[in-house]
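# Take this sequence and fold it.
(one chain, ligands or ions: 1)
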Amino acid sequence: MATEGPAMPAAADGAAAMEFDVAVIGYGPVGAALANLLGAQGVRTLVIEREAAAYHLPRAVHFDDEVMRIFQSMGLAEAILPITHVSPGTHFVDGAGRLLLDWSRPMAVGPQGWNVSYRFHQPELEDVLRRGVARWPSVTLRARTEVFALEPGADGVGLRFEELSNGRIGRATARYVVGCDGARSLVRRWIGEPMDDLGFHERWLVVDALLRRPRPDLGDHTVQHCDPARPATYVRGTGNRRRWEIALREGDDLAALARPEGAWPLLARWITPEDAVLERAAIYTFHSTVARRWREGRLLLAGDAAHQTPPFLGQGMCAGIRDAANLAWKLVRVLRGEAPESLLDSYGSERAPHVEGYIREAVRIGGLINTTAMEAVVSGDVLRGGAAERLVAVRPALGPGPAAGWTAHAGRLPPQPRLGNGALLDDHVGPRFAAVMRPEFAAGLPHALLDRLAARGAVLVADAAPGVTAMLDDLGAQAVLLRPDRHVLGAARDLDEMRALAAAL
Ligand SMILES: O=C(O)/C=C/c1cccc(O)c1
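Here you go, the predicted model:
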């Protein structure tokens, strides 16, 4: 990676602009994920970030197995694993602490090849992501730099920016610009697209605490305190980190609460100053919104620039990392001339319904935490002291996107099997299409067809390992063509459908 300095100086105003394939505006986890995925493919990527360094306090605290699989695709899972804490899931309790709903997750590695749920400390994750970006010479980072104009043209977008440390004005061009620039995204404002409002907007106090002494009684589960008097969330972080998110009520003194010492009265039922120091206390308004359009010509949105969710499922950052994975391979193919630009339209059409599914569920959970009518949430039996009900996790589907061959499963994310050679599928395949086949089906295919798949960039995997067979059994297929983001492009039950898959590549 090139950083600002003599190796790649900004052009003075009026000088020739630096040329890039993609400009990523914003270097939080989503911008860094996108830069990793593009850099690994040799895409000339310019990352522009207003701040000098990563934000030093945590925001997101949770990611899931699918997101760990994306980190794996960046070659960073091994570096990330040691900075995580596997989460056993979430308990929903009433004001008296009685368990009403149980959303425990298995502690074993699951179908995606990773645990279902991880806690992490965001500055540590960002550090790994940034060191990951540093591997790629095609990525240029300009920190302490602010974009103040975007000039979309027929062949690319002109970017004008200011170096905040010295006021120098620079320019660059990029064929595509991706706004990973957060909830107040400048790129979204340039696109001029409204956000759809999914109805949840609440002020909560977020407190990060560092335990001074062990408090095992606080537990390992995330706890949603469904106490209408004062709904709250407890999240066990990594090491001695613990977070409380507490709903604010009419009459709360917001200025006092936003100072760490002012937050102690609201924490008193869990910890006192003898137990912990408070790292920060901040008031957030949790929103639920999705951008109506994610692409306008050469401008695209990702992460909080495209959507915001209440935190109750721990899915905010996950959605942004999924955006990066969905968009990166499409940009690579379009930039290489291997796919028409219209492929980029499928980015928003696929991602928007998926993220909306998660946000609607988070809003529902928020209602449940807030409710004064528990009987609408759990059965009378639970309320009379019976066993807690189990909450089933949602896994929303992608919206409409590219599909070929037998399309019944297009857009699905199948499990990640281990191959006969012991490798996880994605490590074997890398950032390419993969035709995963039953060996006996592959053996009967014409050589010319297999050659065509390989020549068009698909890795051929004919493997009888139990995980591969189970995946194909579950799909009811002889073969499946996986996209570089591991979602299904299409499947095949016979030779004709296999030919259709090859033709689509
Ligand atoms: O699933 C988990 O372990 C954590 C979920 C979470 C994270 C942050 C805020 C929340 O309300 C829930």
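# Any idea which residue of the stretch 301-450 of the chain lies closest to the ligand?
Residue nearest to the ligand within the stretch 301-450 of the chain (C-beta to the nearest ligand atom): Gly314, separated by 2.9 Å. C-beta coordinates here come from the backbone N, C-alpha and C atoms, glycine included.
# Count residues in the vicinity of that residue, would you?
Around Gly314 sit 22 other residues, with neighbours defined as other C-beta atoms under 10 Å.
# Identify the residues contacting it.
By C-beta atoms under 8 Å, 6 or more residues apart in numbering, the residues touching Gly314 are 60-64, 117, 222, 235.
# Among those residues, name the ones in strands.
62-64, 117, 222, 235 (DSSP state E).
# Nearest to Glu389 among those residues?
Checking the ones in strands among the contacts of Gly314 against Glu389 by C-beta to C-beta gives Thr222 as the nearest, at 16.9 Å.
# separation between that closest one and Asp253?
Using C-beta to C-beta, to the nearest Å, Thr222 is found at 28 Å from Asp253.
# Looking at the two, which one has more neighbours?
Using other C-beta under 10 Å, the more surrounded residue of Thr222 and Asp253 is Thr222, with 24 against 9.
# And the next helix or strand past the least confident helix or strand in the chain by mean pLDDT?
The least trusted helix or strand in the chain, going by mean pLDDT, DSSP states H and E, turns out to be strand 2-3, with a mean of 60. The helix or strand immediately downstream of strand 2-3 is strand 18-25, counting by DSSP states H and E.
# Which residues belonging to the longest helix along the chain are considered buried?
Longest helix in the chain, counting residues (DSSP state H): helix 345-370. For helix 345-370, a neighbour-count test (16 or more other C-beta atoms under 10 Å) marks 345-348, 350-369 as buried.
# count of residues packed around Met1?
Using other C-beta under 10 Å: Met1 sits among 18 other residues.
# Looking at it now. What's its pLDDT?
Met1 is assigned 70 on the pLDDT scale.
# didn't it look like it was pressed against Thr140?
Yes: between Met1 and Thr140 there is a contact under C-beta atoms under 8 Å: 7.0 Å.
# Okay, strands next: where are they in the stretch 101-250 of the chain?
117-120, 139-142, 145-152, 157-163, 169-179, 195-211, 222-226, 232-236, 241-247 (DSSP state E, counting those that start in this stretch).
# Columns mean pLDDT on top of these, output as JSON lines?
Shown next, in JSON lines, are the strands of the stretch 101-250 of the chain (pLDDT from 0 to 100):
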{"stretch": "strand 117-120", "mean pLDDT": "97"}
{"stretch": "strand 139-142", "mean pLDDT": "97"}
{"stretch": "strand 145-152", "mean pLDDT": "96"}
{"stretch": "strand 157-163", "mean pLDDT": "97"}
{"stretch": "strand 169-179", "mean pLDDT": "97"}
{"stretch": "strand 195-211", "mean pLDDT": "94"}
{"stretch": "strand 222-226", "mean pLDDT": "94"}
{"stretch": "strand 232-236", "mean pLDDT": "96"}
{"stretch": "strand 241-247", "mean pLDDT": "96"}
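# Can I get those in a markdown table including distance to the ligand?
Formatted as a markdown table, the strands of the stretch 101-250 of the chain follow (distance: least, C-beta to the nearest ligand atom, whole Å):
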| stretch | distance to the ligand |
| --- | --- |
| strand 117-120 | 5 |
| strand 139-142 | 29 |
| strand 145-152 | 30 |
| strand 157-163 | 34 |
| strand 169-179 | 24 |
| strand 195-211 | 9 |
| strand 222-226 | 4 |
| strand 232-236 | 4 |
| strand 241-247 | 6 |
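# so which of these gets nearest Asp304?
Of these, nearest to Asp304 by C-beta to C-beta is strand 169-179, at 9.9 Å.
# mind checking how far the closest one is from the chain centre?
Distance, stretch centre to chain centre, for strand 169-179: 23 Å (C-alpha atoms, centre = their mean, to the nearest Å).
# Please save the CA atoms from it in PDB.
Extracted in PDB, the C-alpha atoms of strand 169-179 (Å, rounded to 0.1, in the frame of the first residue of the first chain):
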ATOM      1  CA  ILE A 169      -6.000  20.900  -2.800                       C
ATOM      2  CA  GLY A 170      -5.600  17.700  -4.800                       C
ATOM      3  CA  ARG A 171      -7.500  15.900  -7.400                       C
ATOM      4  CA  ALA A 172      -7.800  12.300  -8.600                       C
ATOM      5  CA  THR A 173     -10.000  10.400 -11.000                       C
ATOM      6  CA  ALA A 174     -11.600   7.000 -10.400                       C
ATOM      7  CA  ARG A 175     -13.800   4.900 -12.500                       C
ATOM      8  CA  TYR A 176     -16.000   4.200  -9.500                       C
ATOM      9  CA  VAL A 177     -16.400   5.900  -6.200                       C
ATOM     10  CA  VAL A 178     -17.800   4.000  -3.100                       C
ATOM     11  CA  GLY A 179     -19.000   6.000  -0.200                       C
END
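# buried sites along that strand?
170-179.
# Please name every helix or strand in contact with that strand.
strand 18-25, strand 157-163, helix 186-191, strand 299-301, helix 316-335 (3 or more C-beta pairs under 8 Å, 6 or more residues apart in numbering; DSSP states H and E).
# Of all the strands of the stretch 101-250 of the chain, which one is nearest Ala503?
strand 169-179 (27.1 Å).
# and the closest one, which strands flank it?
strand 18-25 (parallel), strand 157-163 (antiparallel), strand 299-301 (parallel) (DSSP bridges).
# Out of those, which gets nearest to Ala454?
Closest among the strands paired with strand 169-179, using C-beta to C-beta: strand 18-25, at 25.9 Å.
# where does the stretch 1-150 of the chain dip in pLDDT?
Residue ranges of the stretch 1-150 of the chain with pLDDT under 70: 2-16, 58.
# For it, which residues are neighbours of the ligand?
Contacts of the stretch 1-150 of the chain with the ligand, taken as C-beta under 6 Å from any ligand atom, map to 61-62, 87, 90, 117.
# and the stretch 301-450 of the chain, which residues reach the ligand?
Counting by C-beta under 6 Å from any ligand atom, the stretch 301-450 of the chain comes close to the ligand at 311-312, 314.
# Now that we have those, can you turn them into CSV and tack on distance to Asp155, secondary structure and pLDDT?
Compiled in CSV, those are given as follows (distance: C-beta to C-beta, whole Å; DSSP: H, G, I helix; E, B strand; the rest coil; pLDDT from 0 to 100):
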residue, distance to Asp155, secondary structure, pLDDT
Pro311, 41, helix, 95
Phe312, 44, helix, 94
Gly314, 41, coil, 95
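# so which of the strands of the stretch 101-250 of the chain gets nearest Gly42?
Nearest of these (C-beta to C-beta): strand 139-142, 9.8 Å.
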